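Asker: Provided below are the primary sequence and the corresponding predicted coordinates.
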Protein chains: 2
Amino acid sequence: MALSLGHLQWRYATKKFDSSKKISPSNLQTLLQSAQLAASSYGLQPYKILHIKNTELRERLRPASWNQAQIVEASDLLVFCAYNQFDTQTIDDHLALVSQVRHQDMANLEGYGNFMKTKLLGLSQDTLQNWMAKQAYIALGFLLTTAAQMGIDACPMEGFEASEYTKILNLKGQGLQPTVAVTLGYRSAEDGLAKAPKVRKPLSELVIPL
Amino acid sequence: MALSLGHLQWRYATKKFDSSKKISPSNLQTLLQSAQLAASSYGLQPYKILHIKNTELRERLRPASWNQAQIVEASDLLVFCAYNQFDTQTIDDHLALVSQVRHQDMANLEGYGNFMKTKLLGLSQDTLQNWMAKQAYIALGFLLTTAAQMGIDACPMEGFEASEYTKILNLKGQGLQPTVAVTLGYRSAEDGLAKAPKVRKPLSELVIPL
């Protein structure tokens, strides 16, 4: 089956949104579902997605985001946050969900649980933190491709002060730390970057056949 | 525009591939293009994708991959590798590409280049390494969603010994380190997991509205 990648050619990191255009609740639901359906190591999904509609909060986040206008001009702002702790409980919670969804006895999941615990709980806090963040990046990838399929513009954003976000959004109290943000909406006709040729390494440079 | 996420419901981490079914060269090209078109911080794409067809090499990688059969049974194996160094040259190479694709004088890109250098080159080697890996994970997300759209199965894989991969694939000499792998192909009818209900946190738990 041939697939056109026109939607991926169409997308770009939108700097200027048309703030009069809002994403419908059902489209937003679809976007969040695409992140929910993302692949994640052992299915653990060790992150949360803050969906920030509150304009006052977004005004406060803007100076902590290199003053980028997308934070307030886009229709919606999502902040992917990794857990700031990963422990036995995180795995047991997941096993309980598997048990519930697949109607499996917890006893039958014990071996699988122990395998995960052996592989993960010995890792350093720093390694776990980066690993959880990487899982959030997969979800970001799912959401960005889905947005492009839907004709919804997005700007993934790493350019923010994590410590400021943590304070403003009270993340520590929720056991979270900010990983990556994405603003979503519809491009403004004034965004010149929309027409700029896409800069990508040629496949011959990006891919090494072995 | 309503979008069905049926393709994302359909996908799962395929454990058992039908090794008689191969991905066509044109479909494989599309998959690689989807990774090429992935978003990446400043557009830098600080990674390479090893496309491993060589069966002898894949046999050697299998024991370094927790002995998982997908490594040899899938149609294709990709290994995303982050650069193991990130420096002024990496940024200058990118600026040269921007200049070429967008017909801009290098002189006009100097301010942008200096901005990137200020933001990135002061980071620790460890932070840069994880940041480059995260960019590869976005590309993984693009590729996985595209594969699902095409009815191509995939198993993203973190379960391998990076040091063994580095040796077997001679990565150090190429300035690379393995980040995440993905096997691609078509599911075997024998893979019971294909029919198992998908385990995902409910949106009410995954998403925090603010």
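Answerer: Yep, it's here. Bear in mind the structure is a predicted one, so any value in this text is a computation, not a measurement.
Asker: Would you quantify the distance from the nearest residue to A:Lys201 once chain neighbours are set aside to A:Gln29?
Answerer: Residue nearest to A:Lys201 in three dimensions, not counting chain neighbours: B:Gln45, with 5.5 Å by Cβ to Cβ, 6 or more residues apart in numbering or on different chains. Using the backbone N, CA and C atoms, a C-beta is placed for each residue, glycine as well. Distance of B:Gln45 to A:Gln29, computed by Cβ to Cβ, to the nearest Å: 31 Å.
Asker: who's more crowded, the two?
Answerer: Neighbour totals were compared for B:Gln45 and A:Gln29, and B:Gln45 leads with 26 against 13 (other Cβ atoms under 10 Å in any protein chain shown).
Asker: pretty sure the more buried one contacts A:Leu206?
Answerer: Yes. Assessed by Cβ atoms under 8 Å, B:Gln45 is found in contact with A:Leu206 at 6.7 Å.
Asker: where do the contact lists of those two overlap?
Answerer: Residues touching both B:Gln45 and A:Leu206 (Cβ atoms under 8 Å, 6 or more residues apart in numbering or on different chains): A:200, B:36.
Asker: now the residue nearest the centre of chain A: how far from B:Ala39?
Answerer: In chain A, the residue lying closest to the centroid (Cα atoms, centre = their mean) is A:Leu140, at 3.5 Å. Distance of A:Leu140 to B:Ala39, computed by Cβ to Cβ: 8 Å.
Asker: can you give me the strands for chain A?
Answerer: Secondary structure of chain A by DSSP state E: the strands cover A:47-52, A:76-83, A:153-157, A:176-185, A:207-209.
Asker: Dump those into JSON lines; add distance to B:Glu56 and mean neighbour count as well.
Answerer: Converted to JSON lines, these look like this (distance: least, Cβ to Cβ, whole Å; neighbours: other Cβ atoms under 10 Å in any protein chain shown):
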{"stretch": "strand A:47-52", "distance to B:Glu56": "39", "mean neighbour count": "22"}
{"stretch": "strand A:76-83", "distance to B:Glu56": "39", "mean neighbour count": "24"}
{"stretch": "strand A:153-157", "distance to B:Glu56": "39", "mean neighbour count": "25"}
{"stretch": "strand A:176-185", "distance to B:Glu56": "39", "mean neighbour count": "24"}
{"stretch": "strand A:207-209", "distance to B:Glu56": "15", "mean neighbour count": "15"}
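Asker: Can you tell me which of those is nearest to B:Arg187?
Answerer: Nearest to B:Arg187 among the strands of chain A is strand A:207-209 (24.4 Å), distances taken as Cβ to Cβ.
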